[in-house]
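> here is a sequence together with a model predicted from it:
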Amino acid sequence: MTSTLVANIGQLVTNDPTMGDGSPLGVVNGCSLIVDDGVVAAVLAQNAPEPACDTRIDADGRSVIPAFVDSHNHLLFAGNRSAEFAARMAGEPYAAGGIMTTVTATRAASDGDLLRNAQRLIAEGRAQGTGTVETKTGYELTRDGELRQTQVAAALQDEGFVDAVTLLAAHVPPPEMGVDDYVQVIVNEIIPAVVGRAQWIDAFCEQGAFNLEQCRAVLEAGAAAGMGVRIHANQLSNMGAVQLAVELDAASADHCTHLSDADIDAFGNSSTVATLLPASDFSTRSPYPAARRLLDAGATVALATNCNPGSSYTTSMPFVIALAVREMGMTCAEALWSATAGGAQALRRTDVGTLRVGSRARYAVLDAPSYEHLAYRPGVPLVQA
Ligand code: NIG
């Protein structure tokens with residue numbers, strides 16, 4: 001067994017309301033953390049005798065938080081779309097069609113290219129405090145291509161880079177066939193081929209992508225094959241995807257930029273997490289989701305980067321937190337909770353996103369005395385370790 005002592009923590013965020021100040025963040029001031037074999041073994045008061053450990057890290061009064069849980073990403077791609085971004089900033093709208101540019105580049109890339117690009121992005125995120133990563137497929141749109149994407153993702157998962165893999169064959173319909181024919185390919189060929197490699201099924205419910213019934217067919221087939229359900233909902237318009245997510249007991253409905261009052265109520269009365277992706281709204285000049293109304297209605301809100309080459313080419317959870325606080329009316333505490341424990345709930349994980357005894361010891365040491373600095377000092381690299 002290897003043990004680590006993180007000593008002299010000025011402020012520890014546990015996300016356990018039975019600890020510390022009793023708030024949802026469970027903030028403990030002045031303590032140290034003991035980790036045994038990668039699992040939190042104890043939180044000790046500052047003046048408790050220090051146990052002998054293999055490694056001693058001195059936090060020197062800094063804030064320690066659960067590492068971010070980045071629960072929505074599209075990391076298996078090649079190329080970039082900087083020209084599309086520049087055109088958008090010059091007034092062009094964002095549309096689902098841009099995804100095909102990345103599909104063409106990804107189909108031409110080798111497995112090694114896809115693996116290295118994803119590793120690079122995950123390393124970027126880690127340097128900014130991310131400890132748990134989900135990635136989707138969805139940039140090949142054929143049976144063999146989507147299968148290959150899950151194989152690359154499985155290699156990333158085996159190496160500890162990725163924690164959750166989502167089949168998003170229903171990203172956009174490929175130009176080679178009609179939408180309904182492609183839905184049949186997903187249901188009858190792609191889902192059976194990736195069972196055991198993808199833990200989640202997803203579909204993009206949008207104009208230019210898939211309508212509600214097509215999404216339902218894909219999601220129900222994935223669920224029948226044992227996958228958990230998540231959905232790209234209400235990003236550019238409202239096609240009823242949030243209601244479908246709640247009906248199917250999806251773990252998460254993601255984007256939620258265009259919500260009706262009924263959608264907000266539905267989240268408040270369900271266990272489906274509303275995963276908000278404000279870096280995409282920033283990069284597509286869209287309105288921001290109604291985070292304040294969701295929280296006030298009792299919804300569980302997660303925040304994620306949605307790293308992808310089209311709508312959100314960032315790996316920075318601190319940037320997302322700053323947007324959520326400045327633009328979406330979330331408090332600093334709510335934004336941190338949503339970026340950690342909220343992301344964990346969106347992935348239906350109980351072992352990450354918290355720092356209590358038994359949690360995986362995925363933590364970030366901030367070069368700051370308190371977590372508020374994440375939003376207070378936007379754009380500053382605050383993660384020290
Ligand atoms: O979540 N909206 C669909 N998928 C991605 C965008 C992918 C792309 O533009 O390449 C998203 O924003």
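Received, thanks.
> use CA for all of it now, contacts and neighbours both
Will do.
> next up, the contacts around residue 339.
By CA atoms under 8 Å, 6 or more residues apart in numbering, the contact list for residue 339 reads 68, 69, 70, 302, 303, 304, 317, 321.
> now whichever residue of the stretch 51-200 of the chain sits closest to the ligand: which helix or strand?
Minimum separation of the stretch 51-200 of the chain from the ligand (CA to the nearest ligand atom) falls at residue 99, amounting to 4.2 Å. Per DSSP states H and E: residue 99 is located in helix 99-107.
> hmm, who's touching that helix?
With contact meaning CA under 8 Å, 6+ apart, helix 99-107 is reached by 76-81, 114, 139-141, 145, 172, 174, 309-310.
> 7 Å instead?
Helix 99-107 has contacts (CA atoms under 7 Å, 6 or more residues apart in numbering) with 77, 78, 79, 139, 140, 310.
> tell me the mean pLDDT for the following helix or strand past that helix?
Next along the chain after helix 99-107, taking DSSP H and E as the criterion, comes helix 111-127. In this model, helix 111-127 has an average pLDDT of 98.
> which non-adjacent residue is nearest the most centrally placed residue in the chain?
With distances taken as CA atoms, centre = their mean, the chain has residue 71 as the residue nearest its mean C-alpha position (1.9 Å). Nearest residue to residue 71, sequence neighbours excluded (CA to CA, 6 or more residues apart in numbering): residue 134, at 5.0 Å.
> next: residue 32.
Closest to residue 32 by CA to CA, 6+ apart is residue 7, at 4.5 Å.
> strand partners of the helix or strand containing that neighbour, parallel vs antiparallel please.
For residue 7, the host element (DSSP H and E) is strand 3-13. Paired with strand 3-13 in the same sheet, following DSSP bridges, are strand 27-36 (antiparallel), strand 55-58 (parallel), strand 63-66 (parallel).
> single out the most deeply packed of the ones you listed.
strand 63-66 (a mean of 29; mean count of other CA atoms under 10 Å).
> how far is that strand from where the chain is centred?
Its chain's average C-alpha position is 18 Å from that of strand 63-66, according to CA atoms, centre = their mean, to the nearest Å.
> now that strand: average pLDDT?
In this model, strand 63-66 carries a mean pLDDT of 98.
> returning to what we had before: need the contact list for the residue nearest to the centre of the chain.
Applying CA under 7 Å, 6+ apart, we find residue 71 in contact with 133, 134, 304, 343, 346, 347.
> make a markdown table from these and add neighbour count, pLDDT and secondary structure to it.
Below are those laid out as a markdown table (neighbours: other CA atoms under 10 Å; pLDDT from 0 to 100; DSSP: H, G, I helix; E, B strand; the rest coil):
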| residue | neighbour count | pLDDT | secondary structure |
| --- | --- | --- | --- |
| 133 | 26 | 98 | strand |
| 134 | 24 | 98 | strand |
| 304 | 31 | 99 | coil |
| 343 | 31 | 99 | helix |
| 346 | 28 | 99 | helix |
| 347 | 28 | 98 | coil |
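> a markdown table for those residues, including distance to residue 125?
Shown next, in a markdown table, are the contacts of residue 71 (distance: CA to CA, whole Å):
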| residue | distance to residue 125 |
| --- | --- |
| 133 | 9 |
| 134 | 12 |
| 304 | 11 |
| 343 | 15 |
| 346 | 18 |
| 347 | 18 |
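> nearest to residue 329, out of those residues: which one, please.
The nearest member of the contacts of residue 71 to residue 329, counting by CA to CA, is residue 304 at 16.4 Å.
> how about the residues of the stretch 251-385 of the chain near the ligand?
Residues of the stretch 251-385 of the chain lying close to the ligand (CA under 6 Å from any ligand atom) are 306, 308, 309, 310, 311.
> chain center to stretch 188-197: distance?
Relative to its chain's centre, stretch 188-197 lies at 23 Å (CA atoms, centre = their mean).
> show me which positions of that stretch end up buried.
Neighbour-count burial for stretch 188-197 flags 190, 191, 193, 194, 195, 197 (criterion: 16 or more other CA atoms under 10 Å).
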